[in-house]
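Trainee: Fold the stuff below for me.
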Amino acid sequence: MEELLQVYRELELALGLASQTVLGAASMATSSRKHPGQLKDDVTSPGGTITGIHELEKGGFRGILMNAVVAAARRSRELSQN
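Mentor: Below you'll find the model as predicted:
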């Protein structure tokens, strides 16, 4: 969110953009039968939005998400056994 504020300088606009992006992605993921990677390919363009995706990949974003999901699932199993 802080990054959006640096770019847009208005909290309301930044919140709206972030919220609509997540809402749109979730809607596409639940309403289509496509793999998330295919959805990403469908909405990105060379030299445009793909540059943001590239930065996420350089930072290891996919691995971080995978680790978070695995850790949350593990902890959920631990808590359910108590």
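Trainee: Per-residue confidence, residue 69, what does it come out as?
Mentor: pLDDT for residue 69: 95.
Trainee: how many neighbours does it have?
Mentor: 10 (other C-beta atoms under 10 Å). Yep, even glycine has a C-beta here, placed from its N, CA and C like the rest.
Trainee: Quick check: which helices or strands does the host helix or strand of residue 15 pack against?
Mentor: Using DSSP states H and E, residue 15 falls within helix 11-31. On a contact count with 3 or more C-beta pairs under 8 Å, 6 or more residues apart in numbering; DSSP states H and E, helix 11-31 meets helix 2-8, helix 36-43.
Trainee: Report the buried residues of the last one.
Mentor: Along helix 36-43, no position meets the burial threshold by neighbour count (16 or more other C-beta atoms under 10 Å).
Trainee: Show residues contacting the helix or strand that that helix is followed by.
Mentor: Later in the chain than helix 36-43, the nearest helix or strand by DSSP H and E is helix 50-58. The contact list for helix 50-58, computed with C-beta atoms under 8 Å, 6 or more residues apart in numbering, reads 40, 44, 62.
Trainee: Pull the CA coordinates from the next helix or strand after helix 50-58 and hand them back as CSV.
Mentor: Per DSSP H and E, helix 50-58 leads on to helix 61-80 as the next helix or strand towards the C-terminus. Presented in CSV, the C-alpha positions along helix 61-80 are these (Å, rounded to 0.1, in the frame of the first residue of the first chain):
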residue,chain,number,x,y,z
PHE,A,61,7.1,-13.3,-4.8
ARG,A,62,5.8,-16.7,-6.0
GLY,A,63,8.0,-18.6,-3.6
ILE,A,64,7.0,-16.3,-0.7
LEU,A,65,3.4,-17.0,-1.4
MET,A,66,3.9,-20.7,-1.7
ASN,A,67,5.8,-20.7,1.7
ALA,A,68,3.1,-18.7,3.3
VAL,A,69,0.4,-21.1,2.1
VAL,A,70,2.4,-24.2,3.3
ALA,A,71,3.1,-22.6,6.7
ALA,A,72,-0.6,-21.6,7.2
ALA,A,73,-1.8,-25.1,6.2
ARG,A,74,0.8,-26.7,8.6
ARG,A,75,-0.3,-24.4,11.5
SER,A,76,-3.9,-25.1,10.8
ARG,A,77,-3.3,-28.8,11.0
GLU,A,78,-1.4,-28.3,14.3
LEU,A,79,-4.2,-26.2,15.8
SER,A,80,-6.9,-28.7,14.7
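Trainee: No more questions from me, cheers.
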